[in-house]
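**Student:** Need a 3D model of the sequence below.
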Amino acid sequence: MLLLQVTVPNAPLHYKYLEVLRNDALKLICGDYDAFLCLDGRAKGLITWWTTNIHSCIRSLHTSSPDLFITTDASMSGWGACAGDNGVGGHWADFEKEDINILELKAVLLGLKTLFPNVLRKHVHIISDNTTVVASINNCGSIKHHLLDVTEEVFEWVHHRDIILSAEYLPGSLNVTADLASREKDFNKEWRLQFSTISAGFMVYQLLIFLLHTLILNCHFSIPGNLILTP
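**Tutor:** Numbers count the residues shown, from 1 in each chain. Predicted coordinates for the structure are as follows:
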């Protein structure tokens, strides 16, 4: 496995689920490595991927320096992320609240999508005060099923943009900006943002009505029956 990590880009993404499946099976069969294991469709798909791609995989031994940095954080109330002077955050709906480690990984995904929506072919360095996030990103997955699913979502998003990910740990006492964004309780800020958007749209609507009215007042309209109406 260690050799695969060196030679195949993001190799663990393509075998972590097999490890999860193996570990779950060993628990059921009391550690009997000679027992047979029935593979599900997902596992078969991974094996097919290896047989199809193993001979064409190329990975540079040189690791590029990060081009962009993003700091993320999550709490049971919301998530936050910042990159330079730009910061974003949001609240979890009641049905979204679950294990804090999952929320921390989701904060990474939401932060990337919001702050770097158009970034391509860059090395993005994630800074988090959650050691599980750092390990999941640097190891391209986790042997814990629920963490692996979210980590795969993160890497699927960056894969289509040819983005390289890396991560490092930052003590929570230093992760101030992202932490504050994840715990923001002023719902009026979100409402004001939505209201300003609605107000701008309404102003455009009023302007279009005014221009249309002006056009009507300065034009002739032909009506069937050769009747001409002039304002």
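
**Student:** Domains in this structure, by residue range?
**Tutor:** 2-53, 68-182, 198-229 (automatic domain parsing).

**Student:** Which one of those domains lies nearest to residue 62?
**Tutor:** domain 68-182 (11.6 Å; CB to CB). All C-beta spots, glycine's among them, are computed from the backbone N, C-alpha and C.

**Student:** Let me know the average pLDDT across that closest one.
**Tutor:** Averaging pLDDT along domain 68-182 gives 93.

**Student:** One more: stretch 11-31?
**Tutor:** Mean pLDDT, stretch 11-31: 88.

**Student:** List the buried residues of it.
**Tutor:** Going by neighbour count (16 or more other CB atoms under 10 Å), the buried part of stretch 11-31 is 11, 12, 13, 14, 15, 16, 17, 18, 20, 21, 25.

**Student:** ok, the nearest residue to the second one once chain neighbours are set aside - contacts?
**Tutor:** With CB to CB, 6 or more residues apart in numbering as the measure, residue 140 is the residue that lies nearest to residue 12, at 3.9 Å, once sequence neighbours are left out. For residue 140, the contacting residues are 10, 11, 12, 13, 16, 151, 155, taking CB atoms under 8 Å, 6 or more residues apart in numbering as the criterion.

**Student:** In three-state terms, label residue 140 for me.
**Tutor:** Using DSSP: H, G, I helix; E, B strand; the rest coil, the structure places residue 140 in coil.

**Student:** ok, and the residue positioned nearest the centre of the chain, which helix or strand is that part of?
**Tutor:** Compute the mean C-alpha point of the chain, and by CA atoms, centre = their mean the closest residue is residue 109, 2.3 Å away. Following DSSP states H and E, one finds residue 109 within helix 100-115.

**Student:** In that helix, which residues are buried?
**Tutor:** Buried-residue list, helix 100-115, by 16+ other CB under 10 Å: 101-112, 114-115.

**Student:** what's the distance between the residue nearest to the centre of the chain and residue 135?
**Tutor:** Going from residue 109 to residue 135 by CB to CB, to the nearest Å gives 16 Å.

**Student:** next one: residue 149
**Tutor:** Taking CB to CB, one finds residue 149 at 16 Å from residue 135.

**Student:** Contacts only, for residue 101.
**Tutor:** When the contact criterion is CB under 8 Å, 6+ apart, the partners of residue 101 are 130, 132, 133, 147.

**Student:** Count the neighbours of the first one for me.
**Tutor:** When you say that, I think you mean residue 130. 23 (other CB atoms under 10 Å).

**Student:** start at 59 instead
**Tutor:** Taking 59 as the first residue, the last one we looked at is residue 188.

**Student:** That one touches residue 162, doesn't it?
**Tutor:** Yes: contact criterion CB atoms under 8 Å: residue 188 and residue 162 qualify, at 4.2 Å.
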